[in-house]
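Trainee: have a look; sequence and predicted model below, questions after that.
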Amino acid sequence: MQPQTPQQTARSTRGRLLMQLRPTSSSMCRITRQQTTTRTPCLASSLLLGKEYFRLAGASPWLAGGVVKRRRHRKLERRCGETTTSRARIKKISEENNNTNASQSHRKAQQKRPIPIPNYPSLIGKKIRQYHPHPSTATAVSSSTSSTKKSWLLLMLYCACVCCCCCLGPVSAFDCDFTRVSGAVSGPKTGAFAAPLLNGHTVPAYGLQCIYTFIALPTERVKLAFRDFNLAGRPPDCLHEYIDLYTELRNATEDLVQTDKFGGRFCGKIAPRPRISLYNTIVLVFSFDRAALTPHLFAGTYEFINASMYDMGTPAPPSTCAYVVKSWVKRAGDIVSPTYPGVYPQRIMCSYQFLGQRSTNQRVRIEFMDFDLFSGGAHCPYDRLTIHDGATEQDPVISTNCGPQRGLIVFSSQENLFISFITNRSGGENRGFHAIFEFSENYVNLEFITAGEHVRGTECDQRILSTGRSNGIIKSPNSPFLYQPNVECRYFIEGLNNAEDLERVRLTVEMFRMPQLLGAEKGDCSAGGLTVWFTGVESRSSGPSDTTQTTLCGTPNLPLPALFSADSKILLKFYSGTTQGLGFRILYQFETYFKVPGIAHPDSNICEFRFQSGPHIKSGDFHSPRHPANYPPNTNCTYIFEGAANEQARLEFDLFRLSGDGNYNNDCQNQDYVDIFETSAVDSRQRRRDMLIGRYCGTAMPAPIISRFGVHDLKLRFVTDATGVTNGFRGRYMFQPAEPTFSATKGCGENIRNQTHGRIAFPDFPDGEKSVSKYTVSRV
């Protein structure tokens, strides 16, 4: 590499200087002042600018280095708080900076007249966080403009800094920096830190900053925990007192101005949550403008902890937290977020790849012991942990998780699993996650699932969906062999449920052998069993009277009564204890479900229901299919109400709303309707005849209907077409003692139905002789 010319050196130095000398609303010297024993930023910046100006203007090296007399130096040193120790340090730094790209004669001249120029970029970069350089500033200044303009610019900056230093007045030296470095293995690994005490020092109007630096060994990390926190302000308005945290620094020499690894600014009464360094360094910057400080302003503890828990597998660059875990290297262990249990970093991407062995039918199990991520919504748009059922991000997603989670357990379907952890600028104070993993050949083999589909992420759960009045067989795990101990599998069985079809699930047990512990009481299913939830939702039992679930265990006598779902879904959970058995074999069937009370037809696809009178059943409710939901289209349902020999059937409607515009004055053509019949036997063979009472449609609600004296049964037929549905009808049926409305015992009257003409007689009126009158029935 060719050595730089003096002009190139000046241009490069000037660019670095202006990059970090861009003030906001304060003077130049406010930015450059230091709070430690090295109190020369005002002098250093002015001298450095002056030197660069004279170099650029073409002045001699001697003039550039000695333009300011030594007594002038001492005067400025006194005003800027220069000490003997810092003067020697500045001299050393000056020699190192000026030896580069200078001739031998120039170096000798500079050694005779050493200029106290500090390593300005490193000082300002370390101390000031709030003054970030703008890239356009450096670019603009370092662009190819005329040397005259550059010279004048530097001269103006030089004069500004000299004036600033002369106006600030004397400042007493005050050292509030705090540094702790982890020592040998036997050295102290913990300690405390607190807000500084001024000890009589005056805080300048522009305030002060204190830097707390914690450096651990390469095999360690730093943990900070705040005990007291009582700063002024309230986030995000942290103006007078605040703490800036840097937890992702690779080392203590990183420039805090240039770095993008800013961990947050804090003030107010709420202390930051514990922090753990991403590497081995944490820097805490405390900025304040109080005239007096107390130890209780903030206080906490630091600890150098072993970093072995963050070594989770083979690193997979370029990410700093990507690991590959191989079963032949590590069969079980822990995985954690990058700085768990401290607040995890923002804008980071981590991955955990688990590789097992297919030849031995290995599967991976992940159990999250702690899970606390920022919750940004249902779809986790900010921070999220995504689990893939395979070795890469392209494999099917098992789940995407955020927010707080409890009891999260995930199984791979085969031998591989992939986890990605992505964070954004959520601003949360969450600790991340801690999980344990294990590769094993003893997890349930999924080959026993033949009727449904394995639910990804579970050990052996399966889901069975109806394809329309379908059926099949479900079996216990590892069937036809003995099931494994301590296994839990669920069976989600779901029938059709849409505008046209509604199905329920029918279960028929064909084989059941789940032995219990010796001496166990009947019904004690603690050693294993099969729990059925008829509603399809898992819940805790409310006691023996709970009709929403039942549990089978032992070796019951077959056949058992069929089990039906309460709606379109049913859920079964198989669980085993320490004992083993052959398990079960159950036939499932999807049947059309009309949700009508009464005795259904043996063929579940036929919509026919009977309501029979009994010793304790004299009344009840009936309604249209699926009521109060809409009834299905293209339906033909029959309701038969059967009374005893000495009873009459009675129907009363509470709600009647069918699709169409039917009323009492039309014949209900081309729309949904209800027909009501009287049903009676006509011969000794019990052949029955139906006599129509009336047809009803639209919203024309029928009046109460009672069968004739001597007729015990009524029949209702409900017919719908392919267009338009509503919530139908609802009513009550009753079986009451037979009592004729008109009879000879009452002296007169009879029911006249389905006749267009005839005669009616008035007995013994007016003088005991019968009078006969003709009648004719016409439609109005």
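Mentor: Happy to help now that I have it. Numbers count the residues shown, from 1 in each chain.

Trainee: just checking, which helix or strand of this structure averages the lowest pLDDT?
Mentor: Sorting the helices and strands of the chain by mean pLDDT, DSSP states H and E puts helix 28-32 at the bottom, at a mean of 32.

Trainee: where does pLDDT dip in this protein?
Mentor: Residue ranges of the chain with pLDDT under 70: 1-173, 184-187, 295, 662-666, 682-687, 741-755, 759-780.

Trainee: please redo it, this time with the cut-off set to 50
Mentor: 1-146, 162, 164-172, 746-747, 767-768, 779-780 (pLDDT under 50).

Trainee: report the beta-bridge partners for residue 677.
Mentor: Beta-bridge partners recorded for residue 677 (DSSP bridges): residue 692, residue 715.

Trainee: quick one: it and residue 689 touch, right?
Mentor: No. At 9.1 Å, residue 677 does not count as touching residue 689 under the criterion of C-beta atoms under 8 Å. Quick note: C-beta positions are derived from backbone N, CA and C, even for glycine.

Trainee: now what about whichever helix or strand residue 227 is part of, what contacts it?
Mentor: Using DSSP states H and E, residue 227 falls within strand 220-229. Under the contact criterion C-beta atoms under 8 Å, 6 or more residues apart in numbering, strand 220-229 has outside partners 182, 194, 214-216, 245, 266, 268-272, 274-277, 279-282, 284, 296-307, 310, 339, 342.

Trainee: which of those residues are buried?
Mentor: Of the members of the contacts of strand 220-229, the ones counted as buried by neighbours, 16 or more other C-beta atoms under 10 Å, are 182, 194, 214-216, 245, 266, 268, 271-272, 274-277, 279-282, 284, 297-300, 302-305, 307, 310, 339, 342.

Trainee: look up how far residue 579 lies from residue 362.
Mentor: 26 Å (C-beta to C-beta, to the nearest Å).

Trainee: neighbour count winner among the two?
Mentor: Neighbours per residue, other C-beta atoms under 10 Å: of residue 362 and residue 579, the larger number sits with residue 362, 23 against 15.

Trainee: check contacts around the closest residue to the more buried one other than its chain neighbours.
Mentor: The shortest distance from residue 362 to any non-neighbouring residue, by C-beta to C-beta, 6 or more residues apart in numbering, is to residue 356 (3.7 Å). Residue 356 sits next to 327, 362, 363, 364, 412, 414, 415, 416, 439 when contact means C-beta under 8 Å, 6+ apart.

Trainee: which helices and strands does the host helix or strand of the last one pack with?
Mentor: Assigned by DSSP H and E, residue 439 belongs to strand 432-440. Taking 3 or more C-beta pairs under 8 Å, 6 or more residues apart in numbering; DSSP states H and E as the contact definition, the neighbouring helices and strands of strand 432-440 are strand 332-336, strand 363-372.

Trainee: deepest of these, which one?
Mentor: Mean neighbour count (mean count of other C-beta atoms under 10 Å) peaks for strand 363-372 among the helices and strands packed on strand 432-440, with a mean of 19.

Trainee: and it with strand 332-336, angle?
Mentor: Relative orientation of strand 363-372 versus strand 332-336 (axes from the mean of the first three to the mean of the last three C-alpha atoms, to 10 degrees): 30 degrees.

Trainee: show the subsequent helix or strand relative to strand 363-372.
Mentor: strand 384-388.

Trainee: quick revisit: neighbour-wise, which of residue 677 and residue 689 wins?
Mentor: Just comparing residue 677 and residue 689: by other C-beta under 10 Å the higher neighbour count belongs to residue 677, 20 against 11.

Trainee: residues contacting that one?
Mentor: 690, 691, 692, 693, 714, 715, 716, 717.

Trainee: tell me the contacts of the most centrally placed residue in the chain?
Mentor: Against the mean C-alpha coordinate of the chain, by C-alpha atoms, centre = their mean, the closest residue is residue 402 at 3.2 Å. When contacts are counted by C-beta under 8 Å, 6+ apart, residue 402 touches 373, 374, 375, 376, 380, 382, 383, 384, 385.

Trainee: make TSV out of those residues and add distance to residue 673 and neighbour count.
Mentor: Formatted as TSV, those follow (distance: C-beta to C-beta, whole Å; neighbours: other C-beta atoms under 10 Å):
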residue	distance to residue 673	neighbour count
373	59	25
374	59	20
375	54	18
376	54	16
380	53	18
382	58	19
383	60	25
384	56	20
385	58	25
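
Trainee: same list (those) but as TSV, adding distance to residue 559.
Mentor: Formatted as TSV, the contacts of residue 402 follow (distance: C-beta to C-beta, whole Å):
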residue	distance to residue 559
373	51
374	55
375	50
376	54
380	49
382	56
383	54
384	50
385	48
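
Trainee: tell me the one of these nearest residue 667?
Mentor: Nearest to residue 667 out of the contacts of residue 402 is residue 380 (C-beta to C-beta; 60.3 Å).

Trainee: wait, doesn't that closest one sit right on residue 397?
Mentor: No. Checked against C-beta under 8 Å, the pair residue 380 and residue 397 is beyond contact range at 11.6 Å.

Trainee: in stretch 388-402, what's buried?
Mentor: 388, 389, 390, 391, 395, 398, 401, 402.

Trainee: quick check: the two most widely separated of those residues?
Mentor: Greatest spatial distance in the buried residues of stretch 388-402: 391 and 402, 23.4 Å, computed using C-beta to C-beta.

Trainee: which residue ranges of the chain form helices?
Mentor: Counting by DSSP state H, one finds helices in the chain at the ranges 6-19, 28-32, 41-56, 61-66, 70-80, 84-98, 104-112, 120-127, 135-141, 147-168.

Trainee: re earlier: dump the helices and strands packed on strand 432-440 to a markdown table, plus distance to residue 640.
Mentor: Formatted as a markdown table, the helices and strands packed on strand 432-440 follow (distance: least, C-beta to C-beta, whole Å):
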| stretch | distance to residue 640 |
| --- | --- |
| strand 332-336 | 65 |
| strand 363-372 | 56 |
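
Trainee: contacts for stretch 617-636 next, please.
Mentor: 499-502, 594-598, 607, 609, 611, 637, 639, 716-736.

Trainee: of those, grab the buried ones for ChimeraX.
Mentor: Only the buried entries of the contacts of stretch 617-636 go into this ChimeraX selection, using 16+ other C-beta under 10 Å:
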select :501,502,594,595,596,598,607,609,611,637,639,716,717,718,719,720,725,726,727,728,729,730,731,733,734,735
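
Trainee: out of the contacts of stretch 617-636, which sit inside strands?
Mentor: Among these, the residues falling in strands (DSSP state E) are 609, 611, 637, 639, 716-719, 728-736.

Trainee: about what we covered before: neighbouring strands - and their directions - for the strand holding residue 439?
Mentor: strand 332-336 (antiparallel), strand 363-372 (antiparallel).

Trainee: what angle do the longest one and strand 384-388 make?
Mentor: Meaning strand 363-372. Using the same axes, to 10 degrees: strand 363-372 against strand 384-388 is 170 degrees.

Trainee: cool, the first one as well?
Mentor: Computed by the same axes, to 10 degrees, the angle separating strand 332-336 from strand 384-388 equals 150 degrees.

Trainee: got the contact list for strand 332-336?
Mentor: So strand 332-336 is contacted by 309-310, 312, 323, 325, 352, 366, 419, 432-439 (C-beta under 8 Å, 6+ apart).

Trainee: any of the residues you listed buried? List them.
Mentor: 310, 312, 323, 325, 352, 366, 419, 432-435, 437-439.

Trainee: got the residue ranges for the strands in the stretch 351-500 of the chain?
Mentor: Using DSSP state E, counting those that start in this stretch, the strands found in the stretch 351-500 of the chain span residues 363-372, 384-388, 397-401, 409-411, 416-423, 432-440, 453-454, 462-465, 471-475, 488-494.
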